[in-house]
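> Sharing a model that was predicted from the sequence below.
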Amino acid sequence: MTAATQDIGVWLDHFSAQQPAAGWIGELRNSAFQRFTELGFPTTRDEAWRFTNVATIARANFAPAGLAVSPNVEAMAPYASGMRLVFVNGRLVERTCSPSKGLEAGLLSEQARPHLGQHAPQNAFAALNTAFLDQAAFVQVGRGAVVEQPIHLVYLTVPSAGPVVTHPRTLMVVDAGAQCTVVESYVGTGAYFTNAVTEIVAGEGAVVLVLDFPGCQAGAQRYRRDSVGRRGCSPQRPVHCLRDAAR
């Protein structure tokens, strides 16, 4: 058995052990894991990854994060104005609602089906994230709506006995002419790997500002990838999707 095969075998065990998902989510999971097995983890021999060595992630034995008691979220991610969703080890534990016309934020619904997975990058990490889809954040902003207050998404990882992995997934669908600011906080304690993917589907003239506040602790590793899809856009009216990061 090669090292690559052994690495994939560990993830196969985790994939087989997770709770099954019904319908289209289950189909997405299965096809994504098949894609992951075909791709395998990238190496420095791959052009896009020649400066990034992910061997420590590929060879580590991260256990899927289970249920955990949440530490003090306010201390770790104090940015809390506007709408806020808090996920602990992939499970939604808090939804603070600040009403705003045209804004809906919560978990995946049938409305996510045409978009989820359609804009994610075609690499092993994104495929692995999709293969472990469970409770994902789904943000919708209606046509022409201007959301004044930020939408805050907190992804908190709390290991148990050893290093764990979480796969945060965010889908934003922002209709034509709408504007919003989304703050994503990735925080945790101990040793863990956060494998995050965000898909943004923006209509013509939409403006989306995404602020990323990574709160990684010593011993933590993180992969994060944004992917933007345009809907109904002409070359004369580009979508503006801005990304900033605070370290």
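Structure's in. What do you need?
> where along the protein do the strands fall?
63-64, 83-88, 91-96, 103-107, 137-141, 151-157, 164-166, 169-174, 179-188, 192-203, 207-215, 220-231, 240-245 (DSSP state E).
> Turn the ones you listed into TSV, including distance to residue 21 and mean neighbour count.
Any C-beta I mention is one placed from the backbone N, CA and C, and that applies to glycine too. Supplementary listing: the strands of the chain in TSV, determined by distance: least, C-beta to C-beta, whole Å; neighbours: other C-beta atoms under 10 Å:
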stretch	distance to residue 21	mean neighbour count
strand 63-64	14	16
strand 83-88	17	22
strand 91-96	14	14
strand 103-107	13	18
strand 137-141	15	23
strand 151-157	20	25
strand 164-166	17	25
strand 169-174	13	25
strand 179-188	23	22
strand 192-203	17	24
strand 207-215	27	18
strand 220-231	21	17
strand 240-245	29	12
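> closest to residue 37 out of the ones you listed?
Residue 37 sits nearest to strand 192-203 of all the strands of the chain, at 16.1 Å, using C-beta to C-beta.
> Can you list the strands that the closest one pairs with?
Using DSSP bridges, the strands paired with strand 192-203 are strand 164-166 (parallel), strand 169-174 (parallel), strand 220-231 (parallel).
> tell me how far it is from the chain's mean position?
Distance of strand 192-203 from the chain centroid (C-alpha atoms, centre = their mean, to the nearest Å) equals 3 Å.
> got the angle between it and strand 151-157?
Relative orientation of strand 192-203 versus strand 151-157 (axes from the mean of the first three to the mean of the last three C-alpha atoms, to 10 degrees): 160 degrees.
> quick revisit: between the strands paired with strand 192-203, which gets the lowest average pLDDT?
Lowest mean pLDDT within these: strand 220-231, at a mean of 54.
> Please name the nearest non-neighbouring residue to the most centrally placed residue in the chain.
What sits nearest the mean C-alpha location of the chain, by C-alpha atoms, centre = their mean, is residue 169, with 2.7 Å. Nearest residue to residue 169, sequence neighbours excluded (C-beta to C-beta, 6 or more residues apart in numbering): residue 136, at 3.8 Å.
> And for the one you found, the neighbour number?
23 (other C-beta atoms under 10 Å).
> Might you report the residue contacts of it?
107, 108, 112, 116, 168, 169, 170, 171 (C-beta atoms under 8 Å, 6 or more residues apart in numbering).
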